[in-house]
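Q: Task: produce atomic coordinates for the following.
(chains A and B)
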Amino acid sequence: MSRKTIVILGPTASGKSALAVKIAKKINGEIISADSRQVYKGLNIGTGKITKKEMGGIPHYCLDIVSPKKIFTVADFKKCADEAIEKIFARNKTPIIVGGTGLYIQAIVDNIVLPEVKPDWKLRKELEKKTTEEMFAMLKKLDSERAKKIDRKNPRRLIRAIEIAKIIGKVPNLDIQCPSWEALQVGIKLPDEILKENIEKRIKKMLKNGLIAETKKLKNSGLSWKRIYEFGFEYKYPAMFLQNKISKDDMLSKMLIENWQYAKRQMTWFKRDKRIKWISKEKQAEKLIKYFLKQNPQLSCFDNTKLYLV
RNA sequence: GCGUAGGUGGCAGAGCGGUCAAUUGCAUCAGACUGUAAAUCUGACGCCCUAUGGGCUACGGGGGUUCAAAUCCCUCCCUACGCA
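A: Predicted coordinates for the structure are as follows:
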């Protein structure tokens, strides 16, 4: 059997999970979630995590694998996903990667090799006190190459670059390697109006299903409000509501607004990858996928990445 | 009805004679993205143009003072709180 994987991506509330299960059933696949928050245990309602029932017996990987007290990163995700892919191939099934976290998807599809430098939280805390100008100057001294290209006003990026340069001298170029399998990326693109409607329905449903209670539970389990804020608007605003900082109405409107902004950010990310085949209906996806699976393998990773990187 | 405080761009809210098409925040639109990616960050944001420049219309309505007004004066309309 040829090594082929399917990627289903798209913004929130576009119907990825449901589509993935359907496809999985049709092509004998198993699902890998590429979602930066669904990896956490206990973040269910707010992340729109698929339920046991909805899985319909299809195995799902990289879900509920870490405590929300821990910080999970792309590198952790890559490990999880790579392992899952191999496991699925070993069972003679097709891996279906589903998610909305662009960086996570790219990490596996392009088999990105990240610099072997773990986050140094102490250093980061120190650097955070500095201005971006100061950090930029530091980086320039450490690694002028990276400094040339970096977003010099972005503290996150500067900190990470300095962190790497301090340990291994310089920030290596992004190492994209050809994966040992072929991927078809299918993106769900819906008209703005529909997506907005879906988002509203989704948020309201989350609230109805007990999002506020879930947030409270996270707090009671020992997480700080600050940490809970980090889990995104689905948790941040309910958390603020629980602290009486905002009204219920404000909570809802904030969530709707930020959800839309998030969806757009996701699309901005996905748009640059010209390999993605955009669809709006299930049937289109099925057709594409069936055709892809029938085709002879054609690993042309090099061309693909060239396309991708513009 | 008297008193006071106000009416500024989609909203909130600065400015209180020239350097103001108007600080800032939010929203909106576009974009970036090398271990927090949910994150972080950038740009645009009155209208029009031959666009690192030019023109037009703007700070509740109308009138006035001034070389010059969002900024001062008069008047009208409206809002909030206070007193009746």
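
Q: what about the helices in the stretch 151-300 of chain A?
A: Using DSSP state H, counting those that start in this stretch, the helices of the stretch 151-300 of chain A run over A:155-168, A:192-208, A:211-220, A:225-229, A:233-242, A:248-271, A:282-294.

Q: Most tightly packed of these?
A: Most buried of these, by mean neighbour count (mean count of other Cβ atoms under 10 Å): helix A:233-242, with a mean of 23. Glycine gets a C-beta too; all of them are placed from N, C-alpha and C.

Q: orientation of it relative to helix A:248-271 in degrees?
A: Angle of helix A:233-242 versus helix A:248-271, following axes from the mean of the first three to the mean of the last three Cα atoms, to 10 degrees, is 160 degrees.

Q: export helix A:233-242 as PDB, just CAs?
A: In PDB, the C-alpha atoms belonging to helix A:233-242 read as follows (Å, rounded to 0.1, in the frame of the first residue of the first chain):
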ATOM      1  CA  PHE A 233     -11.400  33.500  23.900                       C
ATOM      2  CA  GLU A 234     -13.700  30.500  24.500                       C
ATOM      3  CA  TYR A 235     -12.200  30.300  28.000                       C
ATOM      4  CA  LYS A 236     -11.000  33.900  28.600                       C
ATOM      5  CA  TYR A 237     -14.400  35.600  28.500                       C
ATOM      6  CA  PRO A 238     -16.300  33.000  30.500                       C
ATOM      7  CA  ALA A 239     -13.400  33.300  33.000                       C
ATOM      8  CA  MET A 240     -13.900  37.000  33.100                       C
ATOM      9  CA  PHE A 241     -17.600  36.600  33.500                       C
ATOM     10  CA  LEU A 242     -17.000  34.200  36.400                       C
END
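
Q: Redo the helices of the stretch 151-300 of chain A as a markdown table? Include distance to A:Leu123.
A: Below are the helices of the stretch 151-300 of chain A laid out as a markdown table (distance: least, Cβ to Cβ, whole Å):
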| stretch | distance to A:Leu123 |
| --- | --- |
| helix A:155-168 | 6 |
| helix A:192-208 | 37 |
| helix A:211-220 | 28 |
| helix A:225-229 | 20 |
| helix A:233-242 | 27 |
| helix A:248-271 | 28 |
| helix A:282-294 | 45 |
